[in-house]
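[1] this one's structure only:
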C-alpha cells in the first residue's frame with residue numbers, strides 16, 4: 001500500500017528555517033514525481049514545489065522561489081523541502097503528494113497527484 005508520511009514541521013520565527021521530509025513506503029519513490037502543497041486556514045490549497053523522478057527538474061511557486069529548495073534521495077525513499085527565510089504567510093499545513101511519471105518528464109504543480117500524505121503543520125510566528 002502506497003503511503004507518504006511528512007515530518008519536520010513546527011513553530012519557527014520569521015526569517016528562520018525548517019526542513020520537511022516526506023518518507024515513502026509501499027512503493028518505489030523513484031518511479032514517481034513528488035510535489036509539496038500547502039493549505040492555510042481559509043485558503044485554497046497551493047502548489048509549492050515539484051521534483052521529477054531523478055531530481056534533475058524542479059518547479060517552484062513564485063512565492064517561494066529563492067527561499068525553498070526541493071530535493072530527493074531515492075535510495076532513502078525520501079523527498080525533502082528546505083525552507084529558508086520563512087515568512088508569516090508561509091504558515092500552513094504542508095502535504096507531499098506523488099504521481100507516476102515518465103523518467104525525464106518535467107514535474108508540474110497540477111491537480112492530478114493521486115497519493116497524499118497526512119500533512120505537517122508549519123507555523124511562522126514571533
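    Sure thing, it's come through. All of these numbers come straight from a predicted model, not from anything done at the bench.

[2] Local confidence estimate at the residue most central in space within the chain?
    Per C-alpha atoms, centre = their mean, the C-alpha nearest to the average position across the chain is that of residue 36, at 2.4 Å. We have a pLDDT of 98 for residue 36.

[3] ok but it is inside a strand, no?
    Yes - counting by DSSP: H, G, I helix; E, B strand; the rest coil, one finds residue 36 located in a strand.

[4] Look up the closest residue to it, ignoring the ones flanking it.
    Nearest residue to residue 36, sequence neighbours excluded (C-beta to C-beta, 6 or more residues apart in numbering): residue 48, at 4.4 Å. Backbone N, C-alpha and C define where each C-beta goes, glycine included.

[5] which SS state does the one you found fall under?
    Look at residue 48: counting by three-state DSSP, its state is strand.

[6] what's near enough to touch it?
    Residue 48 makes contacts with 35, 36, 37, 38, 60, 61, 64, 68, 81, 94, 109, as judged by C-beta atoms under 8 Å, 6 or more residues apart in numbering.

[7] Of these, which is the nearest to residue 120?
    Distance to residue 120, by C-beta to C-beta, is smallest for residue 94 among the contacts of residue 48, at 5.5 Å.

[8] For this structure, just list every one of the strands.
    3-7, 10-12, 18-25, 32-39, 46-51, 58-60, 68-73, 78-83, 92-100, 115-116, 120-124 (DSSP state E).

[9] looking at these, which is buried most?
    strand 32-39 (a mean of 24; mean count of other C-beta atoms under 10 Å).

[10] Kindly confirm whether my reading is correct that residue 15 touches residue 86.
    Yes - counting by C-beta atoms under 8 Å, residue 86 is a contact partner of residue 15 at 6.7 Å.

[11] What's the local residue count around residue 16?
    If you count neighbours by other C-beta atoms under 10 Å, residue 16 ends up with 14.

[12] pLDDT value on it, please?
    98.
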